[in-house]
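A.B. asks: Quick one, what's the 3D model for this:
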Amino acid sequence: MDSLENKSSHEVPGPRKSRLNKYAFAAALLASTTSILLGYDIGVMSGAIIFIKENIHISTIQVEILVGSLNVCSLIGSLLAGETSDLIGRRFTIVLAAATFFIGAVLMGFAPSYAFLMAGRVIAGIGIGYSLMIGPVYTTELSPATSRGFLSSLPELFITIGILFGYLSNYFLAGLPDHINWRIMLGLAGLPAIGIGFGVLVMPESPRWLVMKGRYDEAKKIMLKTSDTTDEAELRLEEMKNAASYLGSENSNQFSGKGVWKELFLRPSRPLLRILIAAVGINFFMQASGNDAVIYYSPEVFKAAGIQNKRHLFGITVIMGLCKTFFVLVSALFLDRFGRRPLLLTGTVGMVASLVGLGLGSNFLVENDPKPTWAIVLCIIAVCADLSFFSIGLGPITWVYTSEIFPMKYRAQGTSIAVSVNRVVSGAVAMTFLTIAHKITFAGVFFSLAGIMTLATIFFYFLLPETKGKTLEEIEALFEDKPDNCN
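C.D. replies: This next block holds a predicted model:
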C-alpha cells in the first residue's frame, strides 16, 4: 500500500477530462490480475482434459463434470464474497481469493486420482468466485467516471490474457509424457496466485468501502490520488457521503451489509428491481452465449471438423487466444469513448452472424466425407469471429455494467447475485455441451446459441440504459423511471 501511496497525493493537476489517472490505473491493474486465474484455467483445461482423459481413463460425462465443476463451485465464492468484502474490506477479499485458488491449483497438479482432481477443482472454483466478484467491484469503486469503463474492463482483459497463456501452455507442454504434462499445465496456475497475494500489499483500500465504515480521512487521501483536481476529489467524496447517508443505521464503522439480502430478494423497490433484472440478465446471456464452452471444448469441435493432430489443434487455439486478446483490448480502449450500448449491441449482433456461420460449416462437415477444406476454414474463422465479437461486447461490458449500476448499499451483495447467476449458467453449459452436441450435433448447438444471442440483443436494446461518463451515484437515477429511452 505504501509504495503506491508514496506517490505525491498532492500532485493534482488541472482539468484533464480524458487523461488516465495513473494511480487509479495502477491499483485497478493490480486488482484485475485476479481474473487471470479463471482465464488460465479455461484455456489450459481445453488441452489438459485431452491428456487427463487418456491418462486416468474417464468418461465423457466425467469430463463434463470435471470441466464444469469449477464454474458451479465458484457460485459459493461469489455468494460469500459480497458480505465478506463488506466485513474485511475489498483488498483482503482479493488475498482470500488468491490463497484459495492457490490451494486448489496445487491439489490439481499433484492429484493421484479423479477424486483428488475434483477436490482441487472445487477449492479453486471457490477462489474464482471470490475473484470474479471482488475485482470489478474494487476497480469500479476506485475509478473516476471518465475512465471507469476502461479500468472496469481490465478484468476481462486479464481473463483473455489468462486464456492465451493457457493455450500457450498446452502448445508447449503437449510433447511431455501424458502422465506429466497435464499436471504441470494445471499446477502452473498457482504461480500468478502467489504474485496476486503479494501485489495486494501495495494496493489502497476502496474509498467507498472506507466511507461506508466512516473512515473519511483515509478515503479522502485516496480520492485525491485518483482524481485530477482537488475540487473533483471533494465532489466525489461528498457524493459518496450522500450515498452512504441512505444506509441508515448501518452507516457507521459497524456496516457489514446486514439486511441487504432481504431488501434485494423480498422487497426491492422498482428501480432496484430494474437494476437486478439488468445485472442478472447480462450475466445470464454472457454465459448462455456458450463462449466458455466453445473455449473449453474447441479441440473437440476441431477434431470433429477433421483436424486430428494435437499440435495443430493447440496451434489453432493459440490463434483464437490472440484474436480474443486483441479485440478485448480494442473494446477497453474505446469503451469510454463510444459507450457501453454501442459496443454491446455490435458484439451480440456479430456473435449471431458468427454462430450461424459456424453452424453452417459444422453441418457441411457432418454431411460430407472427405470433409471439404473450405468448411474447415469457415469453422475456424467463425470460431475466431465469435470469440472476437464476444471480446468486443459481452466479455468486458458484463463486468463493467454489473459492478457500476448497483447503489453503494447493495453493490457488493447485488454483484454477488449477478456473478452467481453467471457461474451457474457457465457450469450448466460446460457440463452439458458435449452431451447435447452428441444428441443434436455441433451444428445444432451453434444454431441454438445464435437464437439465444438474438434474444440477448433484444434484451440489451430495451432494458440496459447507457452509463458512459456518469458517476456511480448518478447511474442509480437512470433506473428511477421506466427506461424507455435507453440511448
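A.B. asks: quick one: the longest helix along the chain to chain centroid distance?
C.D. replies: Longest helix in the chain, counting residues (DSSP state H): helix 411-463. For helix 411-463, the separation from the chain centroid amounts to 14 Å (computed by C-alpha atoms, centre = their mean, to the nearest Å).
A.B. asks: One more: stretch 348-366?
C.D. replies: Between the centre of stretch 348-366 and the centre of its chain there are 24 Å (C-alpha atoms, centre = their mean).
A.B. asks: tell me the centre residue of this structure?
C.D. replies: For the chain, the residue nearest the mean C-alpha position is residue 156 (5.1 Å; C-alpha atoms, centre = their mean).
A.B. asks: continuing past the helix or strand containing it, what's the next helix or strand?
C.D. replies: Using DSSP states H and E, residue 156 sits within helix 154-173. Where DSSP H and E defines the elements, the next helix or strand beyond helix 154-173 is helix 178-187.
A.B. asks: the inter-axis angle of that next one versus helix 154-173?
C.D. replies: Interaxial angle, helix 178-187 versus helix 154-173 (axes from the mean of the first three to the mean of the last three C-alpha atoms, to 10 degrees): 160 degrees.
A.B. asks: ok, back up a step: how much space between the residue nearest to the centre of the chain and residue 298?
C.D. replies: Per C-beta to C-beta, to the nearest Å, residue 156 is found 19 Å from residue 298. (Glycine included, C-beta is placed from N, CA and C.)
A.B. asks: At which residues are the helices of the stretch 151-300 of the chain located?
C.D. replies: 154-173, 178-187, 190-199, 207-212, 216-226, 230-244, 260-265, 270-288, 291-296, 298-304 (DSSP state H, counting those that start in this stretch).
A.B. asks: Mind exporting the C-alpha coordinates of stretch 31-40 to PDB?
C.D. replies: What follows is stretch 31-40 as a C-alpha-only set of coordinates in PDB (Å, rounded to 0.1, in the frame of the first residue of the first chain):
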ATOM      1  CA  ALA A  31      -6.900  -5.800  -8.700                       C
ATOM      2  CA  SER A  32      -7.800  -7.100 -12.100                       C
ATOM      3  CA  THR A  33      -5.000  -9.600 -12.200                       C
ATOM      4  CA  THR A  34      -7.200 -11.900 -10.100                       C
ATOM      5  CA  SER A  35      -9.100 -12.600 -13.300                       C
ATOM      6  CA  ILE A  36      -6.100 -14.200 -14.900                       C
ATOM      7  CA  LEU A  37      -6.700 -17.200 -12.700                       C
ATOM      8  CA  LEU A  38     -10.100 -18.000 -14.300                       C
ATOM      9  CA  GLY A  39      -8.700 -17.300 -17.800                       C
ATOM     10  CA  TYR A  40      -5.700 -19.600 -17.400                       C
END
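A.B. asks: who touches it?
C.D. replies: Outside stretch 31-40, the residues within contact range by C-beta atoms under 8 Å, 6 or more residues apart in numbering are 74, 90, 94, 97-98, 101, 124, 127-128, 131-132, 134-135, 138-139, 142, 154-166, 169, 188-189, 192-193, 195-196, 199, 203.
A.B. asks: if we can go back for a sec, okay, the helices of the stretch 151-300 of the chain in TSV with mean pLDDT and distance to residue 403 next?
C.D. replies: Listed next are those as TSV, based on pLDDT from 0 to 100; distance: least, C-beta to C-beta, whole Å:
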stretch	mean pLDDT	distance to residue 403
helix 154-173	89	9
helix 178-187	90	29
helix 190-199	86	19
helix 207-212	88	11
helix 216-226	89	16
helix 230-244	83	15
helix 260-265	79	16
helix 270-288	94	9
helix 291-296	86	19
helix 298-304	82	29
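A.B. asks: Turn the ones you listed into a markdown table, including distance to residue 34.
C.D. replies: Shown next, in a markdown table, are the helices of the stretch 151-300 of the chain (distance: least, C-beta to C-beta, whole Å):
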| stretch | distance to residue 34 |
| --- | --- |
| helix 154-173 | 8 |
| helix 178-187 | 18 |
| helix 190-199 | 6 |
| helix 207-212 | 17 |
| helix 216-226 | 19 |
| helix 230-244 | 24 |
| helix 260-265 | 23 |
| helix 270-288 | 18 |
| helix 291-296 | 17 |
| helix 298-304 | 24 |
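A.B. asks: So for residue 115, which of those helices sits nearest?
C.D. replies: helix 178-187 (15.2 Å; C-beta to C-beta).
A.B. asks: Same question for that closest one: list its buried residues.
C.D. replies: The neighbour-count check on helix 178-187 (16 or more other C-beta atoms under 10 Å) flags 181-183, 185-187 as buried.
A.B. asks: Mind picking the two most distant members of those residues?
C.D. replies: 181 and 187 (10.9 Å).
A.B. asks: what about the stretch 251-400 of the chain, any weak spots by pLDDT?
C.D. replies: 251-259 (pLDDT under 70).
A.B. asks: Show the residue spans covered by the strands in it.
C.D. replies: Counting by DSSP state E, counting those that start in this stretch, the stretch 251-400 of the chain has no strands at all.
A.B. asks: wait, isn't residue 446 in contact with residue 358?
C.D. replies: Yes: using C-beta atoms under 8 Å, residue 446 is in contact with residue 358, at 4.5 Å.
A.B. asks: Need the residues touching each of the two.
C.D. replies: Counting by C-beta under 8 Å, 6+ apart, no residue touches both residue 446 and residue 358.
A.B. asks: Excluding residues flanking it in the chain, which one is nearest residue 381?
C.D. replies: Leaving out its chain neighbours, the residue that sits closest to residue 381 by C-beta to C-beta, 6 or more residues apart in numbering is residue 357, at 7.6 Å.
A.B. asks: gap between the one you found and residue 270?
C.D. replies: The value you get for residue 357 to residue 270, if C-beta to C-beta is used, is 41 Å.
A.B. asks: Tell me which of these two has more neighbours.
C.D. replies: Of the pair residue 357 and residue 270, residue 357 is the one with more neighbours under other C-beta atoms under 10 Å, namely 19 against 11.
A.B. asks: From what I see, the more buried one and residue 384 are in contact.
C.D. replies: No: contact criterion C-beta under 8 Å: residue 357 and residue 384 do not qualify, at 10.8 Å.
A.B. asks: circling back: centre of the chain to the helix holding residue 156, how far?
C.D. replies: For helix 154-173, the distance to the chain centre is 13 Å (C-alpha atoms, centre = their mean).
A.B. asks: for it, which positions count as buried?
C.D. replies: Here helix 154-173 shows 154-171, 173 as buried, counting by 16+ other C-beta under 10 Å.
A.B. asks: likewise stretch 361-375?
C.D. replies: 361-366, 371, 375.
A.B. asks: same check, this time on stretch 339-353
C.D. replies: Counting neighbours by 16+ other C-beta under 10 Å, one finds that the buried residues in stretch 339-353 are 339-352.
A.B. asks: Please apply the same query to stretch 298-316.
C.D. replies: For stretch 298-316, burial by neighbour count (16+ other C-beta under 10 Å) applies to 298-302, 304-307, 310, 313-314, 316.
A.B. asks: Done for today, thanks.
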